[in-house]
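Asks: predicted model and sequence follow; I will ask about them next.
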Amino acid sequence: MTIKEKGYSHWDGEFSQKKLPWWPITRYGIKLTLKKKFFKLVYALALVPSVVFLVGIYLSERLEDFRVMMEGNSQLLKVDPALFKTYLTNDFLLFMIIIILVFTGAGLIADDIKYNSLQLYFSRPLSKQDYLLGKASVLVLFLLFLTLVPGLILFIMKLIFSGGLKFFGDFPLLPLSIIGYSIFMTVFFSFYTLLLSSISKSRRYVIILIVGIYFFSDILFAIFFGIFRSPYSSLFSLKVNLQQLGAAFFGVKAPYDVPWIYSLLILAGICCLSGVVLIRRVKGVEIVK
Amino acid sequence: MSIDIQNITFQYGKTKALDSVSLNLPQGAIGLLGPNGAGKSTLLRILMGFLVPDKGDGSVLGYDIREQQSMIRRYVGYMPEDDCLIPGMDAVSFTSYLGELSGMPRQEAMKRAHEVLFYVGLEESRYRRLETYSSGMKQRLKLAQAIVHDPRLIFLDEPTSGLDPHGRQEILELIIDISSKKDIQVLISSHILSDIEATCNYVVILNKGLLAAQGKISELKQINFCLFELKVKGEPENFFKKLTDLDCKMDETEDGMLRIYMPPQINPQEIFRIGAEENIQIRHFVRSESSLEDLFANVVGVD
């Protein structure tokens, strides 16, 4: 007799008290992202800078062996907080992060709005915070594997290659800087993406916004800087604000002579705006129309 | 009682969506009826814990509607009216995913997803991507996700909308199976009165935020009115007026048949007496079998 013929049957299991009720959302988000065409290739490409920097750190410990190759360029291989700052704020990595956000984050909320899936989530014992945390965690995990994990690995590899803890003794706060800046950058990009993903039903439109706003802010900076020659024009650019703040985290000279607190306020302001918009756009009560 | 609410009042700004509604619903399938703006959605929102009532108290499955919303949603299933899916998933992943979100362990959710997909008749297509599903299949899938965690109470919002007659019949049979053979309560909100009549024996009718009627359908029909069909000859204006004064409601069918909804306490002979007074010939007089549609029309006062 088939299940259908037997009629409805009860489930005899028990509900588990999950500590992380949002984890299934994150797990499925990651699974769906990994299924996307070219994603793995793009992600691997985004990890190229970490490999390059790793090679650089290795060479810095083997300068004697590579004297001929590195003649006159040994300054390039100076490993200090500035190198880690350069890794985490280089244009290529930031560009690849934007591309990863396009793959991972564009449809996170936009698809749920388009396909009315919010109703399905909120008819479950999930709060709005659980839902948003589940979605944000997809971004957080992918971004931390591009920033925090390579950053810490580079630091550890430097210690291994140097065969001692002198480097740690010289820069004891460096691991904290890597952790702090990576987390800040990840949180910012997660808010940025969720904000844009929540304001449209169309994934394509969200992609345009994610890429467009990032580059347009940079163009705006270039235009204002060209006209006024004021370093404060850099505050228009998301990229430069991140780089300014990166310099503050790693205690190195900022690219522009503008207090880092302004950049922090701008980026934090975007996160707050995102929070407000998300709370307004993602409403459980609308599941019953 | 699965649903027990007292004097629930809720306002959107100055608009009163629900006004002192009290319900005490028995087991089985219950129909929730009312015209647009009657307060059905607001009631469902309150019962699912999305809105906290301005006044009144109540419980769903024994959980307080003000304090234990999350527990209510754990033990309640909801089948939305709109098409809703998660793109990129197949039916098995989709159903087990939603089971997991309800709190089921992952392996159990997967096993149960297969079972409910078989139950709703999607066994053949359970590995197909949801975007390729037809309307009927989506409707079955919505039912599957609503029952995957074996809820004790299911809210069905327009469960047969967009279905062809065959698909509709199949969904109704599933609902009847769930509600009649198992101890699961089903609350169906629908505009299709025949669906309610086919699946439910108890009905709640809301109108303008007020509880217009609740009870067993068979009893409500008798309590609320007696329906007579008649054909008359003559000038009926005064005849109608006098019947209206007796709280009767009237409508006329396309073939000229006059339908009179008469309060049960009034003697049907009054129709003949008034007819005689107003020189009306009554050429056809039949006590009609009333339907839920008649009850709805009488209680809500709409066609």
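Replies: Right, received. Where do you want to start?
Asks: wait, doesn't B:Pro26 sit right on B:Tyr202?
Replies: Yes. Using C-beta atoms under 8 Å, B:Pro26 is in contact with B:Tyr202, at 6.2 Å. For every residue, glycine as well, the C-beta is placed using N, CA and C.
Asks: who has more neighbours, those two?
Replies: With neighbours defined as other C-beta atoms under 10 Å in any protein chain shown, B:Pro26 and B:Tyr202 compare such that B:Tyr202 has more, 21 against 12.
Asks: can you classify B:Asp251 by secondary structure?
Replies: Classification of B:Asp251 by DSSP: H, G, I helix; E, B strand; the rest coil places it in strand.
Asks: burial of it, as a residue count?
Replies: 13.
Asks: what about it, distance to B:Leu227?
Replies: Relative to B:Leu227, B:Asp251 is positioned 10 Å away (C-beta to C-beta, to the nearest Å).
Asks: need the residues touching each of these two.
Replies: Jointly contacting B:Asp251 and B:Leu227 under the rule C-beta atoms under 8 Å, 6 or more residues apart in numbering or on different chains are B:Arg259.
Asks: any idea of the pLDDT on the nearest residue to B:Ser135 once chain neighbours are set aside?
Replies: With sequence-adjacent residues excluded and distances taken as C-beta to C-beta, 6 or more residues apart in numbering or on different chains, B:Ser135 is closest to B:Gly162, at 4.6 Å. Looking at B:Gly162, its pLDDT reads 81.
Asks: B:Gly162 belongs to a strand, doesn't it?
Replies: No. Under the criterion used here (three-state DSSP), B:Gly162 is coil, not part of a strand.
Asks: now it: phi and psi?
Replies: phi 80, psi 10 (degrees, to the nearest 10).
Asks: B:Asn24 too?
Replies: Backbone torsions for B:Asn24, taken as degrees, to the nearest 10, come to phi -140, psi 90.
Asks: go ahead and confirm it touches B:Ser2.
Replies: No. Using C-beta under 8 Å, B:Asn24 makes no contact with B:Ser2, being 9.8 Å away.
Asks: what about the two, which has more around it?
Replies: Ranked by neighbour count (other C-beta under 10 Å), B:Asn24 and B:Ser2 place B:Ser2 first, with 22 against 12.
Asks: quick check: closest non-adjacent residue to that one.
Replies: Closest to B:Ser2 by C-beta to C-beta, 6+ apart is B:Gln185, at 4.5 Å.
Asks: quick check, that neighbour in contact with B:Val60.
Replies: No. The pair B:Gln185 / B:Val60 is not scored as a contact, 9.8 Å apart, by C-beta under 8 Å.
Asks: where do the strands of the stretch 151-289 of chain A begin and end?
Replies: For the stretch 151-289 of chain A, strands defined by DSSP state E, counting those that start in this stretch do not occur.
Asks: could you check the pLDDT of the nearest residue to A:Phe249 once chain neighbours are set aside?
Replies: Spatial nearest neighbour of A:Phe249, excluding adjacent residues (C-beta to C-beta, 6+ apart): A:Tyr181 at 4.0 Å. A:Tyr181 carries a pLDDT value of 97.
Asks: A:Tyr181 reaches A:Leu245, doesn't it?
Replies: Yes. A:Tyr181 sits in contact with A:Leu245 when judged by C-beta under 8 Å, with a separation of 7.4 Å.
Asks: next up, the contacts around B:Pro236.
Replies: B:Leu258, B:Glu278, B:Ile280.
Asks: what's the closest of those residues to A:Leu159?
Replies: The closest of the contacts of B:Pro236 to A:Leu159 turns out to be B:Leu258 (C-beta to C-beta; 96.2 Å).
Asks: give me every residue that touches the closest one.
Replies: B:Leu258 sits in contact with B:Glu229, B:Leu230, B:Lys231, B:Val232, B:Pro236, B:Met250, B:Asp251, B:Glu252, where contact means C-beta under 8 Å, 6+ apart.
Asks: quick one: which of those is nearest chain A?
Replies: Closest approach to chain A among those (C-beta to the nearest C-beta): B:Asp251, at 30.7 Å.
Asks: in the sheet, who's paired with that closest one?
Replies: Taking DSSP bridges as the rule, B:Asp251 bridges to B:Arg259.
Asks: who's in contact with residue 225?
Replies: Defaulting to chain A. With C-beta under 8 Å, 6+ apart, A:Phe225 has these contacts: A:Pro231, A:Ser233, A:Ser234.
Asks: my question was about chain B, not that one.
Replies: B:Phe225 makes contact with B:Lys249, B:Tyr261, B:Met262, B:Pro263, B:Pro264, B:Ser290, B:Asp294, B:Leu295, B:Asn298 under the criterion C-beta under 8 Å, 6+ apart.
Asks: make a ChimeraX selection of the buried ones in these.
Replies: Of the contacts of B:Phe225, the buried ones can be selected in ChimeraX as follows, counting by 16 or more other C-beta atoms under 10 Å in any protein chain shown:
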select /B:249,261,262,290,294,295,298
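Asks: closest to chain A among the contacts of B:Phe225?
Replies: The nearest member of the contacts of B:Phe225 to chain A, counting by C-beta to the nearest C-beta, is B:Leu295 at 24.6 Å.
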